[in-house]
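K.L.:
can you look at this prediction? I've put the sequence above it.
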Amino acid sequence: MRSLFFKHLRNPRTAKYYLGALAAFFVAAFFARPLFAQTADVSAGAPHGHSFKYFGLFTDPRYSQLEICSLLIVLAIAFAGLAYAYMLARQVKAADAGTPRMQAIADAVREGANAYMGAQFRKIGPLIIIITLILFFTTQSNEIAFRFGRAGAFLVGSLFSWAVGFVGMRLATTGNLRVAAAATRSYGEAMQLGYRTGTVTGMLTDGLGLLGGTIIFIAYGEQAYEALLGFGFGGTLLALFMRVGGGIYTKAADVGADLVGKIEKNIPEDDPRNAATIADNVGDNVGDCAGMAADIFESYEVTIVAAMILGLATFGHKGVIFPLLVRGIGVLGSIISTYTVKAGPNDTSDTALKSVHRGFWIGSFISVVGFFVLGAYYLNFDAAYLAANPMAMAGFPGGDPSALPFWATLGIHNADMRPVITCFIGVILAIVLNKVTSYFTHTSYSPVKGLAKSCQTGHATNIIQGFAVGYESTVATVFVIAGSILASYLCYAGTPPLFVAYGVAMTGIGMLTLTGNTISMDVFGPVADNANGIGEMGYDPVEMEKQEKGSYRRARQILSDLDAVGNTTKAETKGIAIGSAVIAAVSLFASFIAVIAVGSEDKISEMTTRQYLAEAGNLSVANPMVFIGFLIGGAVPFLFSSMLIRAVGRAAFLIVKECRVQFRDAAIWAGTKKPDYGRVVAICTVTAQKELVGPGFLAILTPILVGFLLGTRALGGFLAGMILTGQLLAVFMANAGGAWDNAKKLIEDGHYGGKGSEAHKAAVTGDTVGDPLKDTAGPAINPLIKVMNMVSLLTLGLVMKYNVIDPSEGGSSRIIGILVVLVCAVTIGWAIWQSKRESSELREMEAQFK
Amino acid sequence: MKTYLYMTLLPEALVASHLNPEDYGAYLATGTQKRARGQAIFFKLTDGYAEQQFARLGIGSDLGQPGGPARRSSYLSIYRVLEQVPLTALESLHLITEDGRNLTLKPGTYESDAAPRMHLYQEFCPVTPRVVSTLDPKVFAARITDLSQKVSLPAIVFAELKLERLAENADAPDVDNLPYPNMPHLRDCLREFYTKPGKSTKTVIRFLQQDVLYRTLRKGFYAASAGGGFVYFPMPSKDELETTYYHWWRSAHSTFGG
């Protein structure tokens, strides 16, 4: 009987049903259990001796009616964001879909993108369900609701993250065709359609992120810690996979298409004779659209999770509800401001860009005003509140809110405006990071101009100069981020470190207030890029010129202008992604110390300042274990990046070979026969899926290995080292790659000899080198940082009990630690070996080329 | 099957082919196995002249050697070809990009520049230097095909390349979009016209080392022969290149040349 069961389970088809059923069970349990199951058992970890009840805040006298109404309003705003996304999606879908020829090309891109997402879902789906089970069984609390909360929230977080990527990408592959069709009529119409396509993904991110956090808090109240962590981890893990897979796909296709098309065959970009053209366009969607959307979604989730966890541990329920309300205001700001982005029929790139920026400013203005009004009304800490939430008193000088300086109260009695100010710092941080990224990567400023100039003296000087620009940009970014953390610290100077961490978390909340606008700007890039490709391949110049003289040229110019605007807006948002990763990581790091200090996640809200400071003091590099962890943590982003960059090289190699074979067909070369686009799409899909495994295991298992082998302090050092080098490396790769890309564009615009000159050749080399840095490895480090943080937090309880160095459960529990270490070490070793090994599918493909 | 007669410029040769100009251009640029590539420039010669040459050389319709296999193309001559071909036989000029796209230029009416300026000429046949000159194309052609001169050619095909603001001022700043190698040397050559007013031409590069970027062509191509023969093959306007000949123009922009 038992063997029959396992035989069934080994059958992939049967296993898929089992896993699907398990997933459905956990999702149903997550949503339905709070509605139908109430427990009266006294929870071991429940603060204040309360028994745990779902939706307990509705009957908890500490929550005012206004607070409960506000939470319901936030929920309504989340749904409003989703409804707005739905409305825009309908508008986009209802737009003219162009000629059958254009539709055929868009269909090929859409099919390729769907095939990729389907393959990825099949690959990581089982892993997600296995992790759900692990989370369920390893939750430290005895309360079954928390087990379902953590595991179910993880599954829901990952599904939301996947939905954001998948729906966003689906719509981008619908919108690109409509933009190309609209460009034959009007600049304004095309621009608006492209931007609104991006806004759908943005509002989906806003809506689902807010919905998840709010539902968890409403259901679990002050005991939402486990569920929040699970939710954040789910979104983060999926984002890592989507970023890694999408990054490998997009750059393998891009580099492969460029190498064989532009360098070998001297054919233009998007030439339909190039078999890699469709894969290149698919890559724009799965990498820049699905990957980036999932990435920002997880930042959105993790920052709210960090703020809510810290809010609970510091200011009590007001500290949790305030970030949710701030997010609600941000969603409203995004709805209003994104709708104002419009362009006229005869506008240009400059005016379109101004309109996009104006939208961002309007959103910022609405949000900031909203924060201050909200803070003035809500952040009132009277004596009754402080009596009910005594831990909040440590956040005020002498435990008295009225002793706060004027700037922190703005003259309002008992008010604490510091969370508002730190949110405002976050908004400023987002704007400054945009500007810093822009300064180092935009053609208008000296770094890129200097880089273009260095191309005159050859390939090597361009590469050398690019490294210099990238390195310098990391310093500037670090100063900006450090400056914002310092400003947040100064707001809470004199209070315990957990309050400071809450301030930093609120900076993260402020930074991602306008996520809707940020993602709209980002997704607009690939949509415009794809529309340009569809125009190139799908427009019929003779027919268009016959219908209206000059229409072909005008439409091409519109698409080219939109592509340029999209490139700029996409580049501007990259700084926010990495900045938010660091801010979230710093906030979560405080939670990490707090858990070690009190010995359990459940007791975090009972922690004293003395406990926190004592534990934080142990995390010193003078401690060899911390330093060893620090070194290992610092090395991991390099190994991770190396795996990804190598993966791009391997995949591009196969694509080049495939394209060369297809170019040998005279009919394809003559343009009378369609190349087999599907084959290159298949190569990219197979390779990207295969390459997901290694980096995924590395991200999940390395902190577990370090924690169980070297103990909690080494794990703390590990996180610090990983955050530091990860952030530096991510910024370096993103900005150096962006600078190389734009230096090439500057030369192509007619500088230093223009297209075809020696300087141009050197610039093309720099751009090719920078491509996998800026679009694969660099962006993937953002989710890496957060995944490692979340894994550390989630496993911390077990690490403290069973680590090999100093287990709290006694010497015999070391055996469990040793077993975990062995499993992790073997799996990581296997993952690294697997990432270097060529799979049977790839070997088979390569054999066909010979 | 129709047989065409072509005169290629790089290298200078007379070729008979069953391939029409588009296919022949693609063949020249990319080869049959698509492993080779390269820009190609050639003239299609008039059918009347072709028949005359085939008859004179005894070329059959299979283009092969007597008793040998039939061929699609066959070289008929590879030395001093241009001087043998009358300018009236030059029916059209074909500019082929590296990926085999064709632009056909037909002879047109020549009009000289309104104001005197400096010119940059790329010679294609029979020799391939790049020279700067104060002479306008027609005068330059007459000068170079004047056999009474010490340095002269019986016939020549050349094109004018863009100099942008350097055409008026050798020291002009902001001429960033000129992709020529060693720009300081080009400026030095132009400056010589100021220091040596009697000088009208100066060699910039002794022979063609890489493909010429079609985007740098100004006005068009010129063919001239001793005795005053002169034919002008004008380039389409920028508007036409960006609409009617869009694919050729885009392909031409993808080329790496010099």
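P.N.:
Received the coordinates, thanks.

K.L.:
can you list the buried residues in the host helix or strand of residue A:646?
P.N.:
Under the assignment given by DSSP states H and E, the secondary-structure element containing residue A:646 is helix A:624-663. When burial is assessed from 16 or more other Cβ atoms under 10 Å in any protein chain shown, helix A:624-663 yields the following buried residues: A:625-630, A:632-634, A:636-637, A:639-641, A:643-648, A:650-660, A:662-663. Where C-beta positions appear, they are placed from N, C-alpha and C, glycine not excepted.

K.L.:
need phi/psi at residue 129.
P.N.:
With no chain named, the answer covers chain A. Backbone torsions for residue A:129, taken as degrees, to the nearest 10, come to phi -70, psi -40.

K.L.:
I was after chain B.
P.N.:
phi -70, psi 160.

K.L.:
what's the burial count for it?
P.N.:
Burial measure for residue B:129: 15 neighbouring residues, criterion other Cβ atoms under 10 Å in any protein chain shown.

K.L.:
could you point out which element follows the helix or strand harbouring residue B:14?
P.N.:
Residue B:14 belongs to strand B:13-17 when elements are defined using DSSP H and E. The C-terminal neighbour of strand B:13-17 among helices and strands, as given by DSSP H and E, is helix B:21-30.

K.L.:
so what's residue A:740 up against?
P.N.:
Contacts of residue A:740 were listed using Cβ atoms under 8 Å, 6 or more residues apart in numbering or on different chains, and they are A:451, A:462, A:466, A:763, A:766, A:767, A:769, A:770, A:774.

K.L.:
which ones are touching the closest residue to the last one other than its chain neighbours?
P.N.:
Nearest non-adjacent residue to residue A:774, counting by Cβ to Cβ, 6 or more residues apart in numbering or on different chains: residue A:737, 2.4 Å away. Contact analysis of residue A:737 by Cβ under 8 Å, 6+ apart lists A:470, A:770, A:771, A:772, A:773, A:774, A:775, A:778.

K.L.:
same check, this time on residue B:179
P.N.:
Residues in contact with residue B:179, defined by Cβ under 8 Å, 6+ apart, are A:753, A:754, A:755, A:756, A:757, A:758, A:760, B:213, B:216, B:257, B:258.

K.L.:
which strands or helices does the biggest strand by length in chain B pack on?
P.N.:
Here the longest strand in chain B is taken by residue count, with DSSP state E as the criterion, and it is strand B:217-225. When contacts are defined as 3 or more Cβ pairs under 8 Å, 6 or more residues apart in numbering or on different chains; DSSP states H and E, strand B:217-225 packs onto helix B:137-144, strand B:155-161, strand B:229-234.

K.L.:
who's in contact with residue 192?
P.N.:
With no chain named, the answer covers chain A. A:341, A:342, A:343.

K.L.:
nope, chain B
P.N.:
With contacts defined as Cβ under 8 Å, 6+ apart, residue B:192 is in contact with B:199, B:202.

K.L.:
distance of it from residue B:200?
P.N.:
Noted for residue B:192: a distance of 11 Å to residue B:200, by Cβ to Cβ, to the nearest Å.

K.L.:
same check on residue A:589?
P.N.:
Applying Cβ to Cβ, the value for residue A:589 to residue B:200 is 76 Å.

K.L.:
please apply the same query to residue A:591.
P.N.:
Using Cβ to Cβ, which is the criterion applied here, residue A:591 is 81 Å from residue B:200.

K.L.:
do residue A:158 as well
P.N.:
From residue A:158 over to residue B:200 the distance is 77 Å, taken as Cβ to Cβ.
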